[in-house]
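Asks: After the sequence you'll find the predicted model.
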Amino acid sequence: MPATPCPLDSRPACARVISLAMILTMLGACHQLSAVREPHPGHVMETHAMTTPATSDPTRAQLSAQQAMERFLGLIRATRTLQDITPESMHEAMGVDIRSVSPDHYGYGQALPGNWAFSVERHAGGAGPQVNLSFSPIPGKNASPEAACEPDFAHFADALLGMGFTRHASHGEHNRWLFDYFERPGMRVEVYPRTPRSDRGAPTGPICVDKVLIR
């Protein structure tokens, strides 16, 4: 089933739903299939129940958050344009088995310690094809706010600058910072921030990477 197009004004939220669907599909028994059917966004919670049997241990991750981010940087480093990214090149860079939802939608997802999960995937939405790395709290769990934050946003940005990208900031209403985007000929990378906060809303650490989009 092809991915549902995302309206431009809800692109980050829609991308998170698609990524979460990929993560949940990969977590449990259904990941044994060679091809997985993409769940409808409205059935994400139902899919989570199906794909997390009692034998699934969220802490037994094949990759750490740090490895996921560093290997995704390696994928960017080895790629000139988005069109160069294939299931084979994604597998080579990430070092994990890539699963297909459709010819235009493939990737990998897993749980992480601290009740987080991540996915790396390629899909085609209303805004065009993209490859993303995203981190999401596991539904129904109390996710640790400091988990999945190494390298942090600043170090991730420095790595992109070291590859020859130029950096720009994108702001929304009332000049609210939304994300930074990095450009070089043939590629644009958007890096979205996440600030760990206490129960009272106070920042508790450095700004983390929430999501990375390659366009």
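Replies: Sure thing, it's come through.

Asks: In this structure Leu178 contacts His168, no?
Replies: No. Look at Leu178 against His168 with Cβ atoms under 8 Å: they stay out of range, at 11.4 Å. C-beta here means a position set from N, CA and C on the backbone, and glycine is covered the same way.

Asks: What's the first helix or strand after the helix or strand of the chain with the lowest mean pLDDT?
Replies: Lowest on mean pLDDT, DSSP states H and E among the helices and strands of the chain sits helix 44-51, with a mean of 31. Scanning forward in sequence from helix 44-51 by DSSP states H and E, the next helix or strand is helix 65-77.

Asks: would you put the C-alpha positions of that following helix in CSV?
Replies: Below are the C-alpha coordinates for helix 65-77, written out as CSV (Å, rounded to 0.1, in the frame of the first residue of the first chain):
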residue,chain,number,x,y,z
ALA,A,65,20.8,5.5,19.3
GLN,A,66,24.4,6.7,18.9
GLN,A,67,25.2,4.0,16.3
ALA,A,68,22.0,4.8,14.4
MET,A,69,22.9,8.5,14.1
GLU,A,70,26.5,7.9,13.3
ARG,A,71,25.7,5.4,10.6
PHE,A,72,23.0,7.7,9.2
LEU,A,73,25.7,10.4,9.0
GLY,A,74,27.8,7.8,7.1
LEU,A,75,24.9,7.3,4.7
ILE,A,76,24.8,11.0,4.0
ARG,A,77,28.6,11.2,3.6
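
Asks: how about that helix: buried residues?
Replies: Buried residues in helix 65-77, defined by neighbour count with 16 or more other Cβ atoms under 10 Å: Ala65, Ala68, Met69, Arg71, Phe72, Leu73, Leu75, Ile76.

Asks: what angle separates the helix or strand following it from helix 65-77?
Replies: The C-terminal neighbour of helix 65-77 among helices and strands, as given by DSSP H and E, is helix 87-94. Here helix 87-94 points in a direction 130 degrees away from that of helix 65-77 (axes from the mean of the first three to the mean of the last three Cα atoms, to 10 degrees).

Asks: what's helix 87-94 packed up against?
Replies: On a contact count with 3 or more Cβ pairs under 8 Å, 6 or more residues apart in numbering; DSSP states H and E, helix 87-94 meets helix 65-77, strand 105-112, strand 116-125.
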